[in-house]
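**Q** Here is a sequence together with a model predicted from it:
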Amino acid sequence: MFQIFGRNKHLRVRSSSDEPSLERPVSQACTYDQFLSPLYAQWCEEVRETPRLHRKQWEFVYILQALSEKGMLLPGRRGLGFGVGNEPLPAAMAARGCEIVATDCDYEQAKAAGWVSTDQHASGAVNDRGICDATTFAERVRFRVVDMNAIPEDLLNFDFTWSSCALEHLGSIANGLRFIKQSLQPLVSGGIAVHTTEFNCYSNWQTIDNNGTVLFRRRDIERVASELSAEGHQISLNFELGSSPLDNHVDVAPYSENRHLKLLIGRFASTSYGLIIQKA
């Protein structure tokens, strides 16, 4: 690794030859080699899914592995999830002994955005796969309506926060970057924030902004990382996008359920990118 932004000692960017690793994840993109790790199949089994080459499934695995590697998925740890929809993560975390507050936007806001009609909104955290014992789930997980653009000040003293492909739906790149920074406020010192979002593989300049779905560029991620590191938070960046035939394939609508690492959004190739931040 080599440092950039010399005055920001907490920010590191890996060289382009460093392949992203699932075993020791940093802030990185979804790449084919990560699906080959034995850890990938283990996490899929834990959330009751069959492993498949799909970036959305990778996001769940990446978030769980990142938090586990940082020692967050342990009994008594407190986690705060944003925009959880119907994802299996709260149940998996509760099964490991964590106390979880799962949040999503209110019903009318979700309906207007189309999340209700596509079954991507939650009115309460779900455990429909039986990942966690029902009694334990009821004891350890509670649900709360939260607007990601206005995180309530009373959400405090969490060991970790997370969101899975939600911050690109906050209306603009600026709103998404603001959320990343504000998601650290509920954390205790040394706490971990893990977020996944859409990454523009095509251009570091042209992109989609001020839309229902925005695409973050490398320059956007480097900007927020530089600002965070200047405040003493720790973040390490890897922008390697993979070199296998599947890494170079860009899926187009109707999208595949089994080979979907990069896709075309508008005229831009996009993939999932994960962020891991340790609060100062």
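**A** In hand now; what should we look at? Residues are numbered from 1 along each chain as shown.
**Q** can you pull out the strands in the stretch 151-280 of the chain?
**A** Here the stretch 151-280 of the chain has its strands, by DSSP state E, counting those that start in this stretch, at 158-164, 187-200, 235-237, 259-260, 262-265, 268-278.
**Q** now the ones you listed in a markdown table, with distance to residue 172?
**A** C-beta here means a position set from N, CA and C on the backbone, and glycine is covered the same way. Formatted as a markdown table, these follow (distance: least, Cβ to Cβ, whole Å):
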| stretch | distance to residue 172 |
| --- | --- |
| strand 158-164 | 16 |
| strand 187-200 | 13 |
| strand 235-237 | 22 |
| strand 259-260 | 26 |
| strand 262-265 | 16 |
| strand 268-278 | 16 |
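**Q** any idea which of the ones you listed scores lowest on pLDDT?
**A** If you rank those by mean pLDDT, strand 259-260 sits at the bottom with a mean of 91.
**Q** gap between that strand and the chain center?
**A** 18 Å (Cα atoms, centre = their mean, to the nearest Å).
**Q** Determine the set of other helices and strands touching the one helix or strand residue 93 maps to.
**A** Following DSSP states H and E, one finds residue 93 within helix 89-95. If you count contacts as 3 or more Cβ pairs under 8 Å, 6 or more residues apart in numbering; DSSP states H and E, helix 89-95 packs onto helix 55-69, strand 78-82, strand 99-104, helix 134-140, strand 141-145.
**Q** coming back round to it: can you tell which of the strands of the stretch 151-280 of the chain is closest to residue 215?
**A** Nearest of those to residue 215, taken as Cβ to Cβ: strand 187-200 at 4.1 Å.
**Q** between the closest one and strand 78-82, how many degrees?
**A** Using axes from the mean of the first three to the mean of the last three Cα atoms, to 10 degrees, one finds that strand 187-200 and strand 78-82 are set 30 degrees apart in direction.
**Q** Bridged to residue 99, which residues?
**A** Beta-bridge pairing of residue 99 under DSSP bridges involves residue 78.
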